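Enquirer: could you look at this predicted model? Sequence included:
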Amino acid sequence: MRIEINPEHPEPRKIARAVEALRRGECIAYPTDTVYGLGCAMTEKRAVDQLYDMKRMKREQALALLVPDLSGIARFAVVQDSHYRFIKHLVPGPYVFILEATREVPKLLMMKRKTIGIRVPEHPVAAALARELGEPIISTTASHPNDGPEALQDPDDIDARFPQLAMVLDAGFGEIHPSTVIDLTGAEPVVSRAGAGIERLEKLYGLKVRDP
């Protein structure tokens, strides 16, 4: 089911309707400041399983947490002082930070290194969803295995490709570039995937994507 929503001033009743679906253990699609995301509530294991199944993802592939603000990052990830100063200059924005996970993160979401990817989106719809839900939204790119790794930009296409979704929040066409992923588990920040906002990182910190 596709529901049109104002991308700049999302209607509270539509946000509430989407959050109700998340709390029921269902998956939805929603816009972010990069590509559209597929998501569910962090505590709903069945919904997390459904995300993996919909995208035919291997369990080793990580899902990210989407939180509304910097305090949300500190609750679910171990943030050193140097990390805090770095992250503070970049949120909200198109960045996923890889950090050591706290005990608040369910084990099914952690990788072998006990790390978690976490981001604070700048898009009003995504931020409103996370605030209203009161817990992180599990997030993965709205891409379909039959279409390759590129994200689907058209909400109509997302709705058609993923009939398992409870709803698609349609805020217009999505962006092309995914978020930039920054690994903060080592001594220095390392860009593990270049995406939206990479130019800002290069300008501010001289960070470039690491060699594979």
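Expert: Thanks, I have the structure now. Numbering: from 1, shown residues only.
Enquirer: contacts, neighbours, all on C-alpha from now
Expert: Will do.
Enquirer: phi, psi for the most centrally placed residue in the chain please.
Expert: Nearest to the mean C-alpha position of the chain, counting by CA atoms, centre = their mean, stands Ser139 at 3.8 Å. Backbone dihedrals for Ser139, given as degrees, to the nearest 10, come out at phi -130, psi 140.
Enquirer: next, the buried residues of stretch 157-173.
Expert: Neighbour-count burial for stretch 157-173 flags 158-159, 161-162, 165-171 (criterion: 16 or more other CA atoms under 10 Å).
Enquirer: please flag which of those sit within strands.
Expert: The strands, defined by DSSP state E, take in 167-170 from these.
Enquirer: what residues are bridge-paired with Arg2?
Expert: Assessed by DSSP bridges, Arg2 has beta-bridge partners Val168.
Enquirer: counting neighbours, what do you get for it?
Expert: 17 (other CA atoms under 10 Å).
Enquirer: related to what we said a few turns ago, which pLDDT value goes with the residue nearest to the centre of the chain?
Expert: Looking at Ser139, its pLDDT stands at 93.
Enquirer: do the same with Phe86
Expert: Listed pLDDT for Phe86 reads 92.
Enquirer: repeat that for Leu207.
Expert: 77.
Enquirer: and if you look at Arg59?
Expert: pLDDT, read off for Arg59, is 84.
Enquirer: how close does it get to Val48?
Expert: As judged by CA to CA, to the nearest Å, Arg59 and Val48 stand 11 Å apart.
Enquirer: which one of the two has more residues nearby?
Expert: Per other CA under 10 Å, whichever of Arg59 and Val48 has more neighbours is Val48, with 22 against 13.
Enquirer: quick check, Arg161 in contact with Ser143.
Expert: No: taking contacts as CA atoms under 8 Å, Arg161 lies outside contact range of Ser143: 9.0 Å.
Enquirer: returning to that earlier point: got the buried residues of stretch 157-173 as TSV, with pLDDT columns?
Expert: Output for the buried residues of stretch 157-173, formatted as TSV (pLDDT from 0 to 100):
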residue	pLDDT
Ile158	96
Asp159	96
Arg161	95
Phe162	96
Leu165	97
Ala166	97
Met167	97
Val168	98
Leu169	98
Asp170	98
Ala171	98
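Enquirer: now for the ones in strands among the buried residues of stretch 157-173: which two are most distant?
Expert: Spanning the widest gap among those are Met167 and Asp170, at 9.2 Å by CA to CA.
Enquirer: what sits in contact with each of those two?
Expert: Residues touching both Met167 and Asp170 (CA atoms under 8 Å, 6 or more residues apart in numbering) are 2-3.
Enquirer: output the below-cut-off pLDDT ranges for the chain.
Expert: Scanning the chain for pLDDT under 70 picks out the ranges 111-112, 208, 210-212.
Enquirer: again, only this time at 80
Expert: Where the chain drops to pLDDT under 80, the residues are 108, 110-113, 148, 207-212.
Enquirer: fine by me, thanks again.
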